[in-house]
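*Asks:* pasting the sequence and the predicted coordinates here, then a few questions.
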Amino acid sequence: MKNPTGKVYLVGAGPGDCNLMTVRSQKLLSQAEVLIYDALIDIPQLELIPATCRKIEVGKRGGKPSAQQQEINRLLVEHCQLGKQVVRLKSGDPFIFGRSSSEIQALITAGCEFEVIPGISSALAAPLLAGIPLTDPVMSRCFAVMSAHEPDALEWEALVRIETLVILMGGRNLSDIIWQLQKHGRSPETPIAIIRDCGRPQQQIWLGTLSNIVQQTAGESLSPCVIVIGEVVRLREYLIQSESTNISNTPATVNHSQPLAGKTILVTRAASQSSEFSDRLQQLGARAIEMPALVIGPPSSWELLDSAIAQLSSFHWLILTSHNAVDCFFQRLQAKGKDARSLFGIKIAVVGKKTAESLRSHSIQPDFIPPNFVADSLVENFPDNLQNCKILFPRVESGGREVLVKEFTAKGAQVIEVPAYQSCCPETIDPIALTALQNQAIDIITFASSKTVHNFCHLIEKTPEFSLSEDWLESVCIASIGPETSKSCQNLLGKLDVEATEYTLDGLTEAIVQWATKHQTL
């Protein structure tokens, strides 16, 4: 008897880079019970799959043994009827040379529920990643996409009249393609680009013309590749500034604009704060996986902060040591019917560039930013006499900064500490992050505060399905934003590989780049 909960998802994996998959596709992969995938699927994409998922490779790589389509259809129906959540993972988009029709017909005949999830086809992604636009108001008003698996089956007489051609599965038949194009009237000087392994760290690009591209690529294994033919190839010279416009067969991993290419980095910041950092890492070529280790929320009571806000005029200084402190303080100030004008006559000290930027977003310039961007340097470098100085210190409810408060007090200051927010540990680990950790697919774990280190360790310890060998951290780089966070890394994780020289996210990013560059050359 069929189990009604079984379902098959025909998922487009995109061109190869996990960052170019849809959010829907990544979520389905993290929940899959059975994976039936093509040989062109990348290892990083497979690392999104739960460790308990059954993985079945069915080939589909040109020139290599592959499962018969009838056998693939049988596997899909069989596992669906067993009540499994089945992901049929296809390179690119399922409906662009993906042979999905046969599989869908088999599922319909068997009464199996299915859903098709689109993906980015390499026909679109490869030219874009190589800096080649497929359309242009002058050079290319249209383009055609075709498979050259069987070149003799194509209508070359019609194709040569189309301004831009995008050819998939043509690497082994390059000579035949060139011959057919020139035979039917295409100029030997027509530009051509061959892009191999698009969207992967080992991406390679060859540029030439119909008259010389065969000689340029002699002896090279071109598959899997996308071939672009047309005048738009010349536009790459104006759109790509960092590479030669003749031939580029250098792996992308040495591209200085993407020094983190091939690295998978786990970001443990709060969910509300992680995106900017993740985007920066991705711009440098990394695959960033977010595992929030902090949840920011209101304090258990507003009473103390509200009381301080009611007496703002009595304070000499306001100290804000984090982006969260700034946001929560001003949100509460507004909730009490006040605004920045209430701070007239009060000086403001902030710790770190990001905290200063947060303050400036409220149209207020900080009066003091201590060097080294750490709170404990506030006292040593404080610009005012602290004797009888009254200081308001909104902070996280759980406390911390005891040394700071103790030293201020010892110098005669009166420090009023008030909880402005709570910083809690999430209940669960994000499924994609958990799977990546289980599969030991993480190269670098970043920590931007001691609290994230504590919460990360707590989440690992309390997750029953999380099981790793004792030496799982040996191959992982632990990166810290500063000395206090580094101490927590050493104490709780037993290691530290990278510490930012400047204790900011920019400083942490730079330290990670230096580490990655050094280890690429070893």
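*Replies:* Now that the structure is in, tell me what you want to look at. Numbering: from 1, shown residues only.
*Asks:* tell me, how many residues neighbour the closest residue to Ser221 other than its chain neighbours?
*Replies:* The shortest distance from Ser221 to any residue that is not its chain neighbour, by C-beta to C-beta, 6 or more residues apart in numbering, is 7.7 Å, and that residue is Gly171. For the C-beta atoms, the positions are set from N, CA and C on the backbone; glycine is no exception. Using other C-beta atoms under 10 Å, Gly171 is surrounded by 22 other residues.
*Asks:* separation between Gly171 and Gln68?
*Replies:* Going from Gly171 to Gln68 by C-beta to C-beta, to the nearest Å gives 23 Å.
*Asks:* same deal with Leu128?
*Replies:* Between Leu128 and Gln68 the distance is 34 Å, computed by C-beta to C-beta.
*Asks:* more crowded one of the two?
*Replies:* Per other C-beta under 10 Å, whichever of Leu128 and Gln68 has more neighbours is Leu128, with 16 against 10.
*Asks:* check the secondary structure at that one for me.
*Replies:* Secondary structure for Leu128, judged by DSSP: H, G, I helix; E, B strand; the rest coil, is helix.
*Asks:* gap between it and Gln203?
*Replies:* Distance, Leu128 to Gln203, by C-beta to C-beta: 12 Å.
*Asks:* those helices in the stretch 201-350 of the chain, which residues are they?
*Replies:* Here the stretch 201-350 of the chain has its helices, by DSSP state H, counting those that start in this stretch, at 213-216, 236-239, 274-283, 303-310, 323-335.
*Asks:* may I see those organised as a markdown table, with distance to Thr109 added?
*Replies:* Formatted as a markdown table, the helices of the stretch 201-350 of the chain follow (distance: least, C-beta to C-beta, whole Å):
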| stretch | distance to Thr109 |
| --- | --- |
| helix 213-216 | 45 |
| helix 236-239 | 47 |
| helix 274-283 | 42 |
| helix 303-310 | 65 |
| helix 323-335 | 56 |
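*Asks:* pairing partners for the helix or strand Thr446 falls within, with directions?
*Replies:* For Thr446, the element it lies in under DSSP states H and E is strand 444-447. Sheet pairing of strand 444-447 (DSSP bridges) gives strand 264-267 (parallel), strand 477-480 (parallel).
*Asks:* quick one: contacts of that strand?
*Replies:* For strand 444-447, contacts defined as C-beta atoms under 8 Å, 6 or more residues apart in numbering pick out 263-269, 277, 286, 453, 456, 476-481, 485, 488-489, 498, 508, 512, 515-516.
*Asks:* of those residues, which qualify as buried by neighbour count?
*Replies:* Taking 16 or more other C-beta atoms under 10 Å as the criterion, what is buried in the contacts of strand 444-447 is 263-269, 277, 286, 453, 456, 476-481, 485, 488-489, 498, 508, 512, 515-516.
*Asks:* residues contacting the residue nearest to Ser221?
*Replies:* Counting by C-beta under 8 Å, 6+ apart, Gly171 makes contact with Gly62, Ile194, Arg196, Ser221, Leu222, Ser223, Pro224, Cys225, Ile227.
*Asks:* between those, which is nearest Pro366?
*Replies:* The closest of the contacts of Gly171 to Pro366 turns out to be Arg196 (C-beta to C-beta; 51.3 Å).
*Asks:* A strand includes Glu115, no?
*Replies:* Yes: assigned with three-state DSSP, Glu115 falls within a strand.
*Asks:* give me the low-pLDDT residue ranges for the protein?
*Replies:* Scanning the chain for pLDDT under 70 picks out 1-4, 40-47, 60-66, 201, 240-257, 271-274, 372-376, 400, 464-470, 520-522.
*Asks:* could you pick out the longest helix of it?
*Replies:* Counting by DSSP state H, the longest helix found in the chain is helix 505-520.
*Asks:* need the buried ones from the contacts of Gly171 selected in PyMOL.
*Replies:* Typed into PyMOL, the line below selects the buried ones among the contacts of Gly171, using 16+ other C-beta under 10 Å:
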select buried, resi 62+194+196+222+224+225+227
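*Asks:* count the residues that sit near Gly111.
*Replies:* Gly111: 11 surrounding residues under other C-beta under 10 Å.
*Asks:* number of nearby residues for the residue lying closest to Leu89 once chain neighbours are set aside?
*Replies:* Spatial nearest neighbour of Leu89, excluding adjacent residues (C-beta to C-beta, 6+ apart): Tyr37 at 4.1 Å. Number of residues near Tyr37 (other C-beta under 10 Å) recorded here: 24.
*Asks:* ok, Tyr37 - contacts?
*Replies:* Tyr37 makes contact with Ala13, Leu46, Lys55, Ile56, Glu57, Val58, Val87, Arg88, Leu89, Lys90 under the criterion C-beta under 8 Å, 6+ apart.
*Asks:* please, which helix or strand holds Cys489?
*Replies:* Going by DSSP H and E, Cys489 is in helix 483-493.
*Asks:* residues of that helix that come out buried?
*Replies:* Neighbour counts over helix 483-493 (16+ other C-beta under 10 Å) mark Glu484, Thr485, Ser486, Ser488, Cys489, Leu493 as buried.
*Asks:* following element in sequence after it, please.
*Replies:* Proceeding N to C from helix 483-493, the next assigned helix or strand is strand 498-499, under DSSP H and E.
*Asks:* residue contacts, the residue nearest the centre of the chain?
*Replies:* Nearest to the geometric centre of the chain sits Ala288, at 3.2 Å (C-alpha atoms, centre = their mean). Taking C-beta under 8 Å, 6+ apart, we find Ala288 in contact with Asn19, Ile265, Val267, Phe277, Ser278, Asp279, Leu281, Gln282.
*Asks:* need the max-distance pair from these.
*Replies:* Greatest spatial distance among the contacts of Ala288 (C-beta to C-beta): Asn19 and Phe277, at 14.6 Å.
*Asks:* how near is the nearest residue to Ser480 once chain neighbours are set aside to Gly507?
*Replies:* Excluding its sequence neighbours, the residue lying closest to Ser480 (C-beta to C-beta, 6+ apart) is Ser486, at 4.2 Å. Remark: distance between Ser486 and Gly507 (C-beta to C-beta) = 13 Å.
*Asks:* kindly report the same for Gln81.
*Replies:* In terms of C-beta to C-beta, Gln81 sits 55 Å off from Gly507.
*Asks:* out of the two, which sits in the busier spot?
*Replies:* Set Gln81 next to Gly507 and count neighbours by other C-beta under 10 Å: Gly507 wins out with 18 against 15.
*Asks:* thank you, goodbye.
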